[in-house]
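# Please work out how this folds:
(2 chains)
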Amino acid sequence: GNSVTQMEGPVTLSEEAFLTINCTYTATGYPSLFWYVQYPGEGLQLLLKATKADDKGSNKGFEATYRKETTSFHLEKGSVQVSDSAVYFCALSNGGGGADGLTFGKGTHLIIQP
Amino acid sequence: GAGVSQSPSNKVTEKGKDVELRCDPISGHTALYWYRQSLGQGLEFLIYFQGNSAPDKSGLPSDRFSAERTGGSVSTLTIQRTQQEDSAVYLCASSLGSLNPYEQYFGPGTRLTVT
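A predicted model of the protein is given here:
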């Protein structure tokens, strides 16, 4: 079956530090990959996505590249801000063009200190 | 515009009682999804609807769980004879289905506590 593995944290960084949150996956076929973010007191929001190998998703300074050879989709940001503090979820969708359920990792709690 | 709404936002119930959770998707979204978020299990996919039909119900945790969607819009998730392990946040999401299946918009969730 499908699975997503990500570092659980919490990950604590200082403002302006470089961020990497690792995500690897197991799936059959050619999944689509996503990063979702949950800010304190808010619902899940799609941060970025990539639908085929070597695609790079990007949004709000965050980037992730779909690496089929290493089955990874690591999230990076060059300079984090306090407002990036949230829980980040890596996820995949494996069929029907994405019109099916998402398989999520357990989430990484990111804390950015001023 | 209006996002996905869920009701109630919080529900406390006694073990053994039935509960109904409601989801109102974004207008025009043909696909609707239910997930469960709990400390032990993380985010689990439960079921999805394309229109009014659910092609695969195997993600539902037990036969005490059922879901329906009518008129291609509102959906209800029903849990019968609730157990303490059903305590979780139940999330609903919707998407444009085959038109733009990749972006699922999530509601704020219903926090269910079974005492």
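
# hmm, stretch B:81-92 touching chain A?
Yes. Under the criterion of CB under 8 Å from any CB of the partner chain, stretch B:81-92 makes contact with chain A via B:Leu91. C-betas here are computed from N, CA, C, even on glycine.

# Only C-alpha atoms, please: export that stretch in PDB.
C-alpha atoms of stretch B:81-92 as PDB (Å, rounded to 0.1, in the frame of the first residue of the first chain):
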ATOM      1  CA  ARG B  81     -22.400   3.000  19.000                       C
ATOM      2  CA  THR B  82     -19.500   5.400  19.400                       C
ATOM      3  CA  GLN B  83     -16.400   4.100  21.200                       C
ATOM      4  CA  GLN B  84     -13.600   6.000  22.900                       C
ATOM      5  CA  GLU B  85     -11.200   5.200  20.100                       C
ATOM      6  CA  ASP B  86     -13.500   7.200  17.800                       C
ATOM      7  CA  SER B  87     -12.400  10.400  19.500                       C
ATOM      8  CA  ALA B  88     -10.600  12.500  16.800                       C
ATOM      9  CA  VAL B  89     -11.000  15.500  14.600                       C
ATOM     10  CA  TYR B  90     -13.000  14.600  11.500                       C
ATOM     11  CA  LEU B  91     -12.000  16.600   8.400                       C
ATOM     12  CA  CYS B  92     -14.000  17.100   5.200                       C
END
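
# Now do the buried residues in stretch A:53-72.
In terms of neighbour count (16 or more other CB atoms under 10 Å in any protein chain shown), stretch A:53-72 has its buried residues at A:57, A:62-66, A:71-72.

# The residue nearest to A:Ser3 when sequence neighbours are not counted: what's it in contact with?
Leaving aside its sequence neighbours, A:Ser3 sits nearest to A:Thr26 (CB to CB, 6 or more residues apart in numbering or on different chains; 4.7 Å). Going by CB atoms under 8 Å, 6 or more residues apart in numbering or on different chains, A:Thr26 touches A:1-4, A:71.

# Provide the partner residues of A:Lys77 in its beta bridges.
Judged by DSSP bridges, the bridge partners of A:Lys77 are A:Leu19, A:Phe62.

# Against A:Ile21, how distant is it?
9 Å (CB to CB, to the nearest Å).

# quick one: which of the two has more around it?
A:Ile21 (23 against 20; other CB atoms under 10 Å in any protein chain shown).

# Return the backbone torsion pair for the more buried one.
Main-chain dihedrals, A:Ile21, degrees, to the nearest 10: phi -120, psi 120.
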